[in-house]
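>>> predicted structure and sequence below. I'll ask about it afterward.
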Amino acid sequence: MTTATPPHDAPASPSGAHDAARAVSAARTAQAAWDGLGFAGRRKVLKAWCALILQRSDELVDLIRAETGKTADDARLEVVLAAHHLRWNAVHAARALGRRRVSPGLLMFNHAVEVIHRPLGVVGVIGPWNYPAFIPVGPVSAALAGGNTVVLKPSELTPRTGEWLAATLAEVTGRLRVLHVVTGDGTAGEALCRAGVDKIAFTGSSATARRVLAACADRMTPAVIEGGGKDAMIVAADADLDAAADAAVWAAMTNAGQTCVGLERVYAVDTVADRFLDLVTERAAALRVGDGPDADFGRITLPRQLEVIADQVRDAVARGARAVLGGPQSVTPPYVAPIVLADVPEDAAAVTEETFGPVLVVNRVSSVAEAVERANAGGYGLGASVFTRDRGSGRGVAAGLRAGMVSVNAVIAFAGMPAVPFGGVGDSGFGRVHGPDGLREFTRTQAITSQRFRPPLQPASFRRRPGTMPALVRLVRTLYGR
Ligand code: NAD
């Protein structure tokens, strides 16, 4: 492990709460012209933005690393994912949001119906620091593709990544500024929630999500909430243990465990639990931590999280958990070396609370049914995974999990699939980003019915004939009454 001081570039000057209203007003001024470009015009711009991000990805990787301390590979992966999702939103918005015809139904056969998705106006996006490019680009590009303009409030730890995204888009759009940035801490975020935006897309901790919703309540501003998680993996007796262990260690430790859909708990069936634990420990022990070119993961970005991690590990061990690899001593600021805990009491914070560090809890269970019960306990419900050689039964297990996304025989697979809706249940939030659902989050659905001709029966009139209602009832009985 290296102990070099992490890079701390001077933060961009916080523009503070008072700028939120100005940014929303500027975004609103640009919105009609942006909407006026139509799906084809916006697709062209967003594809050009995607290309520019990729052309200058080294710059973005350096910026992300400087602000978060993640490794070059972790930053590169983030940029790849951001581009993948941005491109998908650009290309698929027309199909997901375009005009579609809907059947009027038998009783209203004389109407033609179409459903359209109109932009909401100005969307406020509040982002976290752990994936400062990938996470905001999802809702930002979905909102833009649908014809909205956006005000982004990046995390106070990663303001320059947010500003870089807006600056590169401005290079493509020129005078039409469709993505504005306000920087600052939670005060700026709260101001954005109250600044008259038409929707908030929030990604961050579940505790902050509650404050965001309270701020949104004043104006009944709708919100999509991407909160925290405590993702579990289930390892069945017939699982490929080598693959499961490899996936578990990566999902738990990549980005130093600072991933909302990172793996924090494993429930392994008794018969394979010891072997699985051995494989996990062996792999995790081989990981290198630091800021050098050979490091597998970097520092803990948020200094106060170091204490949370240490407290959870200390508490688990004090309550009888086995520290199979590392322990409280693995927390050496600003780094945390891999920690594997086994047999942790189910009510310990290391099992119930988000750890957000390279810590993996492996608990044994008597059956997959018990694993599902334990995985479903607790407030969070973001992602999950199942390892079994029987893919059919894996999908059955997945359907019983209280989680927004489940991968069978893989981990976090859904995050690399831009067509797949992403979001949680319970404390992990509500609403979806990514995929057609994510595009529709930032539109209002409008139904337009147009009467093609007057029908023989006209029940919706005070001038209807005496025989109209009995005839209608007879018709409905004939159709549905048996
Ligand atoms: P955080 O909740 O501390 O902050 C998130 C954002 O909210 C920041 O921009 C912050 O300035 C802002 N904020 C703080 N107080 C606010 C307020 N009162 N009103 C409005 N905005 C406010 O989260 P974080 O530490 O930046 O990120 C880590 C958390 O994010 C973890 O819990 C992680 O699981 C979660 N996360 C979730 C997802 C997901 O997709 N579900 C993705 C990434 C991260």
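Okay, I see it.
>>> and this protein, what are its domains?
According to automatic domain parsing, the chain is divided into the following domains: 17-228+432-444, 231-416, 452-480.
>>> gap between the shortest one and the chain center?
On the basis of CA atoms, centre = their mean, to the nearest Å, domain 452-480 is displaced by 49 Å from the centre of the chain it belongs to.
>>> buried set for that domain?
Residues of domain 452-480 classed as buried by neighbour count (16 or more other CB atoms under 10 Å): Thr468. C-beta: built from backbone N, CA, C; applies to glycine.
>>> end-to-end on it?
With CA to CA, to the nearest Å applied, domain 452-480 spans 25 Å between its terminal residues.
>>> the longest helix along the chain packs against which elements?
If you go by DSSP state H, the chain has its longest helix at helix 72-97. Using 3 or more CB pairs under 8 Å, 6 or more residues apart in numbering; DSSP states H and E as the contact criterion, the elements in contact with helix 72-97 are helix 38-55, helix 57-68, helix 134-145, helix 435-440.
>>> between those, which one is closest to the ligand.
The stretch from the helices and strands packed on helix 72-97 with the least distance to the ligand (CB to the nearest ligand atom) is helix 134-145; that distance is 5.1 Å.
>>> next, the angle helix 134-145 makes with the longest helix of the chain.
Interaxial angle, helix 72-97 versus helix 134-145 (axes from the mean of the first three to the mean of the last three CA atoms, to 10 degrees): 20 degrees.
>>> in helix 72-97, what's buried?
Within helix 72-97, judged by 16+ other CB under 10 Å, the buried ones are 72, 74-79, 81-94, 96-97.
>>> what of stretch 184-193?
Those buried within stretch 184-193 under the rule 16+ other CB under 10 Å are Gly184, Gly186, Ala188, Gly189, Glu190, Ala191, Leu192, Cys193.
>>> re earlier: mean confidence for the helix or strand following the longest helix of the chain?
Where DSSP states H and E defines the elements, the next helix or strand beyond helix 72-97 is strand 100-102. Taken as a whole, strand 100-102 carries a mean pLDDT of 98.
>>> return the list of helices and strands in contact with strand 100-102.
Applying 3+ CB pairs under 8 Å, 6+ apart, one finds that strand 100-102 makes contact with strand 111-119.
>>> got the CA positions of the strand it packs on in CSV?
Extracted C-alpha coordinates of strand 111-119, given in CSV (Å, rounded to 0.1, in the frame of the first residue of the first chain):
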residue,chain,number,x,y,z
HIS,A,111,-62.1,8.2,-31.9
ALA,A,112,-58.5,8.1,-32.9
VAL,A,113,-56.0,8.3,-30.0
GLU,A,114,-52.4,9.2,-29.8
VAL,A,115,-50.1,9.5,-26.8
ILE,A,116,-47.2,11.9,-26.8
HIS,A,117,-44.4,12.6,-24.3
ARG,A,118,-43.7,16.3,-23.8
PRO,A,119,-40.7,17.7,-21.9
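>>> can you tell me the strand partners of it and which way each runs?
Using DSSP bridges, the strands paired with strand 111-119 are strand 100-102 (antiparallel), strand 443-451 (antiparallel).
>>> show me where the stretch 301-450 of the chain has its strands.
All strands of the stretch 301-450 of the chain, identified by DSSP state E, counting those that start in this stretch, fall at 322-325, 331-332, 335-336, 339-342, 359-365, 380-381, 383-387, 405-408, 425-426, 429-430, 443-451.
>>> flag every residue of the protein that's near the ligand.
126-131, 135, 153, 155-156, 185-186, 189-190, 193, 203-205, 208, 211-212, 215, 226-229, 260, 302, 354, 356, 382, 424 (CB under 6 Å from any ligand atom).
>>> now with 5 Å, please.
Residues of the chain found near the ligand, taking CB under 5 Å from any ligand atom as the criterion, are 126, 128-129, 155, 186, 189-190, 203-205, 208, 211-212, 226, 228, 260.
>>> return the subset of these lying in strands.
Judged by DSSP state E, the subset of these located in strands is Ile126, Thr203, Glu226.
>>> redo these as TSV? Include pLDDT.
Formatted as TSV, these follow (pLDDT from 0 to 100):
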residue	pLDDT
Ile126	98
Thr203	98
Glu226	98
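>>> got the residues you listed as CSV, with distance to Phe453 and neighbour count columns?
Listed next are these as CSV, based on distance: CB to CB, whole Å; neighbours: other CB atoms under 10 Å:
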residue, distance to Phe453, neighbour count
Ile126, 50, 28
Thr203, 50, 25
Glu226, 48, 29
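>>> just the residues you listed now: which is nearest Val61?
Taking CB to CB as the measure, Thr203 is the one of these closest to Val61, at 20.7 Å.
>>> that closest one touches Pro136, doesn't it?
Yes - with contact taken as CB atoms under 8 Å, Thr203 and Pro136 are classed as touching, separated by 7.5 Å.
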